[in-house]
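S.K.: Sequence and predicted structure, then a few things I'm wondering about:
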Amino acid sequence: MARYTGPKSKIARRFREAIFGPDKALDKKPYGPGMHGNSRRRGKQSEYSIQLAEKQKAKYTYGLLERQFAKTFKIAAAKRGVTGENLLKFLESRLDNVVYRMGISPTRSGARQLVLHKHILVNGEIVNIPSYHLKAGDKIAVREKSKSMEVITGSLSSGRKRFGWIEWNDKEMEGVFVNMPDRSDIPENIKEQLIVELYSK
């Protein structure tokens with residue numbers, strides 16, 4: 001299944017945000033990549049470049065490639081409500097993202113691998129499609145024989161942030177996708193209106 005496999009630290013430095021998780025390179029060099037480093041002077045960005053950068057940041061944050069992201073936007077635009085908010089809600093309801101939010105994996109890419117390798121159940125059935133969209137009330141659990149995996153137990157024991165739209169039972173290693181989150185509850189630093197403006201051109 002297609003995914004971004006290029007240099008992650010360079011991308012994180014471009015946006016000056018740890019969009020792939022904790023990054024020592026970003027901590028050491030909190031400025032854009034390139035041979036001139038922090039001394040490089042950048043001209044005024046055009047409206048288009050600002051909008052494009054915001055779309056790219058959202059793509060990399062949620063681990064989607066161009067076609068998949070464009071398809072998700074199209075679905076969000078067709079749904080009633082605010083298109084930008086719908087887009088983020090659809091991205092948040094992806095199985096790999098919810099596995100990450102539940103703390104089963106410390107990163108979205110790690111969550112994607114767990115889903116692909118059939119360690120995750122949805123409503124009691126194995127689902128190995130990272131882009132699978134969850135519905136309110138869906139039950140997500142770690143497969144019984146995968147509960148002792150160090151990558152999972154280590155992530156769960158390291159603590160996690162709680163989210164109002166997700167319930168989690170540490171003892172059973174299972175949780176519920178309660179409902180779609182409100183925009184105000186989504187912590188990602190993404191200006192979704194810029195993405196809507198870009199696709200509206």
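M.R.: Looks like it arrived, so ask away.

S.K.: In a helix, Lys171, correct?
M.R.: No - under DSSP: H, G, I helix; E, B strand; the rest coil, Lys171 sits outside any helix and is assigned coil.

S.K.: okay, now it: neighbour count?
M.R.: 5 (other Cβ atoms under 10 Å). C-beta: built from backbone N, CA, C; applies to glycine.

S.K.: How about Val82?
M.R.: Neighbour count for Val82, taken as other Cβ under 10 Å: 15.

S.K.: Next one, pLDDT for it please.
M.R.: Listed pLDDT for Val82 reads 96.

S.K.: do Lys161 as well
M.R.: For Lys161, the predicted pLDDT is 83.

S.K.: Enumerate every residue touching it.
M.R.: By Cβ atoms under 8 Å, 6 or more residues apart in numbering, Lys161 lies in contact with Pro187.

S.K.: domains for the protein, by residue range?
M.R.: Domain segmentation of the chain under automatic domain parsing yields 8-90+191-199, 104-179.

S.K.: Could you point out which of the ones you listed sits nearest Asp96?
M.R.: Judged by Cβ to Cβ, the one of those that comes nearest to Asp96 is domain 104-179, at 3.8 Å.

S.K.: hmm, back to that, so for Asp185, which of the domains of the chain sits nearest?
M.R.: Proximity to Asp185 (Cβ to Cβ) singles out domain 104-179 among those, at 5.8 Å.

S.K.: Can you lay out the domains of the chain as CSV showing distance to Asp96?
M.R.: Output for the domains of the chain, formatted as CSV (distance: least, Cβ to Cβ, whole Å):
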stretch, distance to Asp96
domain 8-90+191-199, 7
domain 104-179, 4
